[in-house]
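A.B. asks: Give me the fold of what follows.
(one chain, ligands or ions: 2)
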Amino acid sequence: MSRQRKIALVGNPNAGKSALFNALTGARQKIANYPGVTVERKSGRMVLPTGEPVEMTDLPGAYGLDATSPDEEVTSKVIAGKFAGEAEPDVLVIVLDASNLEQHLVFAQELLALGKPSVVALNMVDLAERDGLVLDAAVLEEELGVKVVPTVAVRRRGLAELGEAIASAESRHAGPGLTDLGPTERRVAAHAMANAAILSESKQHRLHARLDQVLLNPWLGPLILFAFLFVVFQAVFAWAAPLMDGLDAGAGWLHDTVKAAMPAGLVRDLLTDGVISGVGSVVVFLPQIVILFAFILAMEASGYMARAAFLMDRLMAYVGLSGRSFIPLLSSFACAIPGIMATRSITDPKDRLTTILIAPLMTCSARLPVYAVIIGAFIPNTNLGWGIGLQGVVLFGLYVAGIVGAMIVALLLRSSITKGAASGFIMEMPKYQMPRLKDMAIGLWQRAWIFLRRAGTIIFTVTVVLWVLLNFPQARPGESQVDASIAGKLANGLAVVVEPIGFNRDMALALIPAMAAREVAVSSLATTYAVDAGDDEDQQAVELGDRLKGRWSLPMALAFLAWFVFAPQCMSTIAVTRRETNGWKWPSFMLAYLFGLAYVAAGVTYWIAVGVGL
Ligand SMILES: Nc1nc2c(ncn2[C@@H]2O[C@H](COP(=O)(O)OP(=O)(O)OP(=O)(O)O)[C@@H](O)[C@H]2O)c(=O)[nH]1
Ligand SMILES: [Mg+2]
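C.D. replies: Ligands and ions are numbered 1, 2, ... in the order given. This is a model prediction of the structure:
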């Protein structure tokens, strides 16, 4: 007797192959790894309606037969019968997501062009119908030249029909000459086929298609994205203001109450000037962080985020990166650590290294407190007309500076250290959806909690250590406490280095603890100036912003902002870079180039600002 026939499930990622596999094979599965790669191999037994037992394999999702990732390589080799130890499949079950038909038909055509006996499972028809899209399987059958069976894997719908189709699968018998189509022609054909297969389409579905025409338009799309981001930064300032004032007043009240309730002494000072001033000065930024994340989460939940990534993909190509880098870079706006970890999905090692090296240039949320306190103190809240505030414009400018810096660095790296060709990229567009309030609330709460926990741990610890270093040894009468302290002496040493870029001693002092986390710069300044104010009651009540205004010039403040756009002030980022690149070489390189950039940027900013008489 001949060997058991082998059936392979193949298609784009998320088409529902594994769901179909589970439904077809039930519990008769074996899960192992393909030899030599960490790609999961799932196979199982299925009995066809004819009584014939067959072996079914669930292949990893792929976008095409030209492999760009280890997963895709396994898929294309197995299909071609070139994977050592794997029998070539006798029948291909090509799984398509009906609600994403056009996308999925591109790979389907490539598979059919192989000329193997094939059937198409038009899966997820339930989702398509929910979106108001009814498809005609017969039209697709005609176009593709193989049997097309509508299925809903998770509801076990269409499984019997699929079994019959597999049993009687033959090589394709009709349809256009798919073999000689190039990638672009396949896209065009996919578009035409998907449209031809539409039996009926709801208003909503048509609306979504229109929306894509506008939002993904090569000219309008980027403009809309840019305008949207601009609104976000305006909102971060305007909407947060009343909440921040409330938190600020709360911290002030706590400070005064503790001060009044406790006997004078070092413990009281540590609590009030150290802990409450320091941690409080960071916690007031909670509203801004929450608003920023609300927009990011809404972008993700509505399906706009992937479209933004798609728009940026074209721009990324100019600096030698692909769209695969975009999601890691985008998440670096929240924090570089998850961003750098997300680069694992980038298959090209040089692409990946470049992305890791520029991720810290994306403005993470820890910079927001630093930017906000300096902007709040030095940039007037001028209305530029049409409700646009100058403060929001400056904040937006800082984000743009980070992005432009990252792009320039990427371009330089890609033409020197990480030289190589840009790899192509295809991404699936999720459906448009109204963000669900409950999911948003949970997401926001998680982000807020992470922020508060940092304030309670890292920032708390660093603030206390700094307070101790600022208070010992105690000043002699007539001497300023900061001058006398260990911290002051350390900062004096650093101040020599940063003096040419306009920084004073207090700024140098803030840079040291801010290596632990950027926002510590704010709490350090708050603690330093609170210690500096001593027991002078009038001085105690002064807000950090007002204190800065009294002591820093505008060029100094701008230089400090420019420093924070580039400086690698985050130990955790360095640590995660070491882990992801397996050694100290690249984190050292990253530290050196970022500090170099920060120094130059701050210096140039300072001297230009002084030069134009600010
Ligand atoms: N509503 C609905 N959901 C489905 C259907 N088929 C699969 N899903 C869901 O779609 C998601 C993706 O399905 P998978 O089976 O993991 O997709 P896959 O093709 O194996 O994906 P990769 O292994 O990443 O290539 C899962 O959450 C499934 O539960 C379907 O017919 N209808
Ligand atoms: Mg799967």
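
A.B. asks: So Ile375, which state does it fall into?
C.D. replies: helix (DSSP: H, G, I helix; E, B strand; the rest coil).

A.B. asks: which residues touch the one residue in the stretch 1-150 of the chain that gets nearest to ligand 1?
C.D. replies: Closest residue of the stretch 1-150 of the chain to ligand 1, CB to the nearest ligand atom: Gly61 (2.2 Å). From N, CA and C alone the C-beta is placed, and that goes for glycine too. Applying CB atoms under 8 Å, 6 or more residues apart in numbering, we find Gly61 in contact with Gly11, Asn12, Pro13, Asn14, Ala15, Lys17, Asp71, Thr75.

A.B. asks: so how many other residues sit close to the residue in the chain that ligand 2 sits nearest to?
C.D. replies: Of all residues in the chain, Ser18 sits closest to ligand 2, at 3.2 Å by CB to the ion. Per other CB atoms under 10 Å, the neighbour tally for Ser18 reads 18.

A.B. asks: I figured it hits Asp58, correct?
C.D. replies: Yes - assessed by CB atoms under 8 Å, Ser18 is found in contact with Asp58 at 5.5 Å.

A.B. asks: domains of the chain?
C.D. replies: Annotated domains of the chain cover 6-201, 458-612 [the TED database].

A.B. asks: Adding mean pLDDT as columns, could you present these in JSON lines?
C.D. replies: Output for the domains of the chain, formatted as JSON lines (pLDDT from 0 to 100):
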{"stretch": "domain 6-201", "mean pLDDT": "87"}
{"stretch": "domain 458-612", "mean pLDDT": "84"}
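
A.B. asks: Adding distance to Leu368, write the ones you listed out as JSON lines.
C.D. replies: As requested, these are arranged in JSON lines below (distance: least, CB to CB, whole Å):
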{"stretch": "domain 6-201", "distance to Leu368": "34"}
{"stretch": "domain 458-612", "distance to Leu368": "8"}
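
A.B. asks: what does the stretch 51-200 of the chain have sitting close to ligand 1?
C.D. replies: By CB under 6 Å from any ligand atom, the residues of the stretch 51-200 of the chain that approach ligand 1 are Pro60, Gly61, Asn123, Met124, Asp126, Leu127, Val152, Ala153, Val154.

A.B. asks: and the third one, backbone torsions?
C.D. replies: By that I understand Asn123. As for Asn123, its main-chain torsions (degrees, to the nearest 10) stand at phi -90, psi 170.

A.B. asks: Can you name the residues that contact the residue nearest to it when sequence neighbours are not counted?
C.D. replies: For Asn123, ignoring the flanking residues on the chain, the nearest one in space by CB to CB, 6 or more residues apart in numbering is Gly16 at 4.3 Å. Counting by CB under 8 Å, 6+ apart, Gly16 touches Val95, Asp97, Asn123, Met124, Thr151, Ala153, Val154.

A.B. asks: nearest spatial neighbour of the fifth one, skipping sequence neighbours?
C.D. replies: Nearest in space to Thr151, with sequence neighbours left out and distances taken as CB to CB, 6+ apart, is Gly158 at 3.6 Å.

A.B. asks: Against Gly26, how distant is the one you found?
C.D. replies: 16 Å (CB to CB, to the nearest Å).

A.B. asks: Of those two, which one has the most company?
C.D. replies: Neighbour totals were compared for Gly158 and Gly26, and Gly158 leads with 21 against 11 (other CB under 10 Å).

A.B. asks: How about the contacts made by the more buried one?
C.D. replies: Ala121, Val125, Val149, Pro150, Thr151, Val152.

A.B. asks: mind running it again at 7 Å?
C.D. replies: Val149, Pro150, Thr151, Val152 (CB atoms under 7 Å, 6 or more residues apart in numbering).

A.B. asks: Rebuild those residues as TSV, extending it with neighbour count.
C.D. replies: Converted to TSV, the contacts of Gly158 look like this (neighbours: other CB atoms under 10 Å):
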residue	neighbour count
Val149	21
Pro150	22
Thr151	28
Val152	21
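
A.B. asks: Point out the residues in the stretch 201-350 of the chain that sit beside ligand 1.
C.D. replies: So the stretch 201-350 of the chain never meets ligand 1 (CB under 6 Å from any ligand atom).

A.B. asks: avg pLDDT for whichever strand or helix holds Asp256?
C.D. replies: Using DSSP states H and E, Asp256 falls within helix 240-261. For helix 240-261, mean pLDDT rounds to 87.

A.B. asks: buried set for it?
C.D. replies: Across helix 240-261, burial judged by 16 or more other CB atoms under 10 Å covers Ala240, Met244, Leu247, Asp248, Ala251, Gly252, His255, Lys259.

A.B. asks: Could you do stretch 347-358 as well?
C.D. replies: For stretch 347-358, by 16+ other CB under 10 Å, it's Thr347, Asp348, Lys350, Asp351, Arg352, Leu353, Thr354, Thr355, Ile356, Leu357, Ile358.

A.B. asks: I'd like the average pLDDT over it.
C.D. replies: 88.

A.B. asks: For it, give me every contacting residue.
C.D. replies: 68-69, 321-322, 324-325, 328-329, 340, 343, 346, 406, 409-410, 413-414, 418, 420, 423, 577, 580-581, 586, 590.

A.B. asks: Next one: the residue positioned nearest the centre of the chain from Phe293, what distance?
C.D. replies: For the chain, Ser331 is the residue whose C-alpha lies nearest the centre (CA atoms, centre = their mean; 1.8 Å). According to CB to CB, Ser331 and Phe293 sit 12 Å apart.

A.B. asks: what sits in contact with each of these two?
C.D. replies: By CB under 7 Å, 6+ apart, no residue touches both Ser331 and Phe293.

A.B. asks: Which parts of the stretch 151-300 of the chain are helices?
C.D. replies: 159-167, 183-196, 203-215, 220-238, 240-261, 266-269, 277-283, 286-302 (DSSP state H, counting those that start in this stretch).

A.B. asks: Name the single longest helix found in the protein.
C.D. replies: Looking across the chain with DSSP state H, the single longest helix is helix 585-611.

A.B. asks: wait, isn't Leu368 in contact with Val290?
C.D. replies: No - with contact defined as CB atoms under 7 Å, Leu368 does not count as touching Val290 (10.9 Å).

A.B. asks: which of these two has more neighbours?
C.D. replies: Leu368 (23 against 18).

A.B. asks: got a list of contacts for the strand or helix carrying that one?
C.D. replies: Using DSSP H and E, Leu368 maps to helix 367-378. By CB under 7 Å, 6+ apart, the list of residues contacting helix 367-378 from outside reads 282, 285, 288-289, 292, 391, 394-395, 398, 518-519, 521-522, 544-545, 548-549, 554, 557, 560-561, 564.

A.B. asks: Generate a ChimeraX selection restricted to the buried subset of those.
C.D. replies: To isolate the buried members of these in ChimeraX, using 16+ other CB under 10 Å:
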select :282,285,288,289,292,391,394,395,398,518,519,521,522,544,545,548,549,557,560,561,564
